[in-house]
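The amino acid sequence is not available; the structure is as follows:
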């Protein structure tokens, strides 16, 4: 038995345990602080997450929105549609409207009209008549338009009232004012006859 007796032994053991645990806790605390400093230097602090990835996500989102809006604003758009008929019995006396549907002007708009075929009431067919051209409009502002008259061309066209069915092709080339790139568009239109023998053009 220890000369200090049971109480003395118990007291010394407890004191040693307290001393040992304090040193262990100090070592853990020092290691934790060193780890925190290392993480801070590496910008990987566990207590304060980096906001850099979040900022990247925000900028990517904003960039995507800007790209979509820019595409809508700057992408050239042009449309062609039949205007009000001047003579519903003669489909070739019908204007076609060419309109710049974009916000920015277009330049060097080239257009031509081809006669795909004409069928008369006597079943006489006229096919593949070429046109002279192309004709050019140098500038067309945003939401501006110009008119194409089919009978301005020197076609071999049957007289009014003789046309039973017809189909034309309108070719367009155009470019935005800020980009030297030519865009192309080809549109077909065909006549349809109403119940009272009036003829109107419809896109195919």
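Here it is on my side, so go on. This is a predicted model, so every value here is computed, not measured.

before we move on, what SS does residue 63 have?
With DSSP: H, G, I helix; E, B strand; the rest coil as the basis, residue 63 sits in helix.

ok, it to residue 57 distance?
According to CB to CB, to the nearest Å, residue 63 stands 11 Å off from residue 57. C-beta: built from backbone N, CA, C; applies to glycine.

now swap in residue 92 and tell me
The value you get for residue 92 to residue 57, if CB to CB is used, is 59 Å.

For those two, indicate the residue with more neighbours.
More crowded of residue 92 and residue 57, by other CB atoms under 10 Å: residue 92, with 23 against 10.

Let's see the pLDDT reported for residue 160.
At residue 160, the model reports a pLDDT of 68.

from memory residue 193 sits against residue 166, does it?
No. Residue 193 lies out of contact with residue 166 (CB atoms under 8 Å); the separation is 10.6 Å.

Name the residue in those two with the higher neighbour count.
residue 166 (22 against 14).

in which helix or strand would I find the more buried one?
Using DSSP states H and E, residue 166 sits within strand 163-176.

Can you tell me which helices and strands that strand packs against?
strand 78-82, strand 106-120, strand 183-193 (3 or more CB pairs under 8 Å, 6 or more residues apart in numbering; DSSP states H and E).

can you pull out the strands in this protein?
Here the chain has its strands, by DSSP state E, at 78-82, 95-100, 106-120, 125-129, 135-140, 145-149, 163-176, 183-193, 199-203.

What helices and strands are in contact with the second one?
Pointing back at strand 95-100 there. Here strand 95-100 touches strand 78-82, strand 106-120, strand 145-149, going by 3+ CB pairs under 8 Å, 6+ apart.

Format those as TSV; extra columns: mean neighbour count.
TSV is the format used below for the helices and strands packed on strand 95-100 (neighbours: other CB atoms under 10 Å):
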stretch	mean neighbour count
strand 78-82	16
strand 106-120	18
strand 145-149	14
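
least reliable of those going by mean pLDDT?
Mean pLDDT across those is lowest at strand 106-120; the value there is a mean of 88.

could you give the angle of it to strand 135-140?
Interaxial angle of strand 106-120 relative to strand 135-140 (axes from the mean of the first three to the mean of the last three CA atoms, to 10 degrees): 140 degrees.

re the thing from before, how about the helices and strands packed on strand 163-176 in JSON lines, adding distance to residue 146?
Conversion of those to JSON lines gives the following (distance: least, CB to CB, whole Å):
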{"stretch": "strand 78-82", "distance to residue 146": "11"}
{"stretch": "strand 106-120", "distance to residue 146": "8"}
{"stretch": "strand 183-193", "distance to residue 146": "15"}
